[in-house]
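# sequence and computational prediction follow.
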Amino acid sequence: MANRPFDLLNEAIGKEVLVMLKGNIQVRGTLKAFDVHMNIVLESAEQLENGEAKTKYGKLMVRGDNVILISP
Amino acid sequence: MANRPFDLLNEAIGKEVLVMLKGNIQVRGTLKAFDVHMNIVLESAEQLENGEAKTKYGKLMVRGDNVILISP
Amino acid sequence: MANRPFDLLNEAIGKEVLVMLKGNIQVRGTLKAFDVHMNIVLESAEQLENGEAKTKYGKLMVRGDNVILISP
Amino acid sequence: MANRPFDLLNEAIGKEVLVMLKGNIQVRGTLKAFDVHMNIVLESAEQLENGEAKTKYGKLMVRGDNVILISP
Amino acid sequence: MANRPFDLLNEAIGKEVLVMLKGNIQVRGTLKAFDVHMNIVLESAEQLENGEAKTKYGKLMVRGDNVILISP
Amino acid sequence: MANRPFDLLNEAIGKEVLVMLKGNIQVRGTLKAFDVHMNIVLESAEQLENGEAKTKYGKLMVRGDNVILISP
Amino acid sequence: MANRPFDLLNEAIGKEVLVMLKGNIQVRGTLKAFDVHMNIVLESAEQLENGEAKTKYGKLMVRGDNVILISP
């Protein structure tokens, strides 16, 4: 059980996560790294449109202040 | 009675809360964790549309700066 | 007479206040708690639409950065 | 003559001011209090629409980050 | 020649400046005061619409975070 | 070669730069000064619309938080 | 493998990156420099529209708070 919100990200390292960003952007990929600003790095990432993969990225860094929610 | 706003979140740990986010997004789930930035973790969460469940998430982390209001 | 803006909130504890939020959202309820970020807790709260009660909440926490104005 | 911007607010305490807020909102009232964040308290306040009084408030606290301009 | 941006404002004290604000608002007036947040006080100020004076203000305080650009 | 982003601005002092701002505003002029907030002063500046000069300014101060990108 | 998000940028110095910015702006170029604010300098940069090169820039500085994501 997570006691602090960032524990959820710690547990999700190496696993697939879905990230919803401001501006109606969704990305999905394997969580490789994150920091206290919620900047995150995904591998084998793809940007989704209406739930479908639209653009594929080998690696991706998301700036934390765009994040709305993250789900492992 | 809550004397400081975050007392309300402390009392709501383990209970269902409704969270209204910027961008007309609503999520509902069991409050598992929160921090001083109002980052929150929900379990058994679902995103609502017009009050109806639209997407289900096992676990969900919401970045605090998206929060408009939280109701236990 | 209020000498500092937050004195107005101190005087309003236990009384009904109207809170206008960004995104054209209005809530009304009994002010139970607030902090320096203007996070506030309301009890017996309701969300208004065109001045009419639309949704009722037992308790409600509003994140301070959404607040436009508060009137006791 | 004001040498620092906040001197203008100091001189305006007890006088009527017009406050233009983000989101095309205008309020007018007697300036009772302000702080370094430009949070302000008005008395005998009214919200304007097209220069006409629309809603009257006994007392009103405006969160500073909504302020565009203030004119005594 | 200005070596630091705020030197330009120092040189403009007592002179007329044009200030372009977010939300497509323009004000013009005599610069009386400013601070490090770019809060500014104008005298004999007027709000412009399509380059024409629309509303006149004796004195005006602009909150700095609305400023896009200032031209002496 | 720039090793830190602000080195690019240091090298551009006295040269013409193009500055793209939020709100679809572009200005061009000789870079005279900048600071760590990316506040910048331009001389012989002009505001562009669709790549054409629209408004000319002798001197111009741009508040840094409006900047999207700067190109020497 | 990146352990901290900025490691990804360190590894990408001298390589081509795609940068997605707020306001539906995309730029691509060789990463020359970055700092902790995610301010970045690109060389041989171009702005994209619908995936096609639209405007070319020799050098380009992007202010970090506009960044949504960066992909090497």
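Received, thanks. Residues are numbered from 1 along each chain as shown, chains lettered A, B, ... in the order given.

# do the helix or strand of chain A with the lowest mean pLDDT and chain G meet?
Within chain A, judged by mean pLDDT, DSSP states H and E, the helix or strand with the poorest mean is strand A:52-62; its value is a mean of 92. Yes: using C-beta under 8 Å from any C-beta of the partner chain, strand A:52-62 comes into contact with chain G via A:57-62. The C-beta positions use only the backbone N, C-alpha and C, and glycine is treated the same way.

# widest-spaced pair of those?
Spatial extent of the residues of strand A:52-62 next to chain G (C-beta to C-beta) is set by the pair A:58 and A:62 at 14.3 Å.

# between these two, point out the one with more neighbours.
Neighbours were counted for residue A:58 and for residue A:62 using other C-beta atoms under 10 Å in any protein chain shown; residue A:62 has more, 27 against 11.

# you'd agree the more buried one is up against residue A:19?
Yes: the pair residue A:62 / residue A:19 is scored as a contact, 6.3 Å apart, by C-beta atoms under 8 Å.

# which neighbours do the two share?
A:27, A:40, A:42 (C-beta atoms under 8 Å, 6 or more residues apart in numbering or on different chains).

# could you pick out which of those are near chain G?
A:27, A:40.

# mind giving me the PyMOL select for the shared contacts of residue A:62 and residue A:19, buried ones only?
Of the shared contacts of residue A:62 and residue A:19, the buried ones go into a single PyMOL selection, burial set by 16 or more other C-beta atoms under 10 Å in any protein chain shown:
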select buried, chain A and resi 27+40+42
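
# any chance of a markdown table for the shared contacts of residue A:62 and residue A:19, columns distance to chain E and pLDDT?
Below are the shared contacts of residue A:62 and residue A:19 laid out as a markdown table (distance: C-beta to the nearest C-beta, whole Å; pLDDT from 0 to 100):
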| residue | distance to chain E | pLDDT |
| --- | --- | --- |
| A:27 | 29 | 97 |
| A:40 | 28 | 98 |
| A:42 | 33 | 98 |
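
# now, the shared contacts of residue A:62 and residue A:19 that are in helices?
Among the shared contacts of residue A:62 and residue A:19, no member falls in helices (DSSP state H).

# now, which of the shared contacts of residue A:62 and residue A:19 lie within strands?
Among the shared contacts of residue A:62 and residue A:19, DSSP state E puts A:27, A:40, A:42 in strands.

# for the second one, name its beta-bridge partners.
In this structure, residue A:40 has beta-bridge partners residue A:34, residue A:62, where bridges are defined by DSSP bridges.

# re earlier: tell me the one among the shared contacts of residue A:62 and residue A:19 nearest to chain B.
residue A:40 (10.8 Å; C-beta to the nearest C-beta).

# do you know how far that closest one is from residue E:35?
For residue A:40, the distance to residue E:35 equals 37 Å [C-beta to C-beta, to the nearest Å].

# in chain A, what residue is nearest chain C?
Nearest residue of chain A to chain C, counting by C-beta to the nearest C-beta: residue A:65, 13.1 Å away.

# helix/strand/coil for that residue?
State at residue A:65, reduced to three classes by DSSP: H, G, I helix; E, B strand; the rest coil: helix.

# picking up where we left off before, okay if I get the ones in strands among the shared contacts of residue A:62 and residue A:19 as CSV plus distance to residue C:9?
Shown next, in CSV, are those (distance: C-beta to C-beta, whole Å):
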residue, distance to residue C:9
A:27, 40
A:40, 37
A:42, 42
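
# any idea how far residue A:39 is from chain F?
Going from residue A:39 to chain F by C-beta to the nearest C-beta, to the nearest Å gives 17 Å.

# who are the contact partners of that residue?
A:61-64, G:5-6, G:38.

# closest to residue D:12 out of the shared contacts of residue A:62 and residue A:19?
residue A:40 (46.8 Å).

# list the contacts for that closest one?
Per C-beta under 8 Å, 6+ apart, neighbours of residue A:40: A:9, A:19, A:31, A:33-34, A:61-62, A:64, A:67, A:70, G:5.

# what about it, distance to residue C:44?
As judged by C-beta to C-beta, residue A:40 and residue C:44 stand 40 Å apart.

# kindly report the same for residue A:44.
Note on residue A:44: its distance to residue C:44, by C-beta to C-beta, is 50 Å.

# repeat that for residue A:6.
Residue A:6 is 35 Å from residue C:44, by C-beta to C-beta.

# so which of those two has more stuff around it?
Higher neighbour count among residue A:6 and residue C:44: residue A:6, with 18 against 14, using other C-beta under 10 Å.

# chain B contacts on chain A?
A:1-9, A:22, A:38, A:64-65, A:67-72.

# can you rerun that using 7 Å?
Chain A comes close to chain B at residues A:1-5, A:7-9, A:22, A:38, A:67-72, as judged by C-beta under 7 Å from any C-beta of the partner chain.

# fine by me, thanks again.
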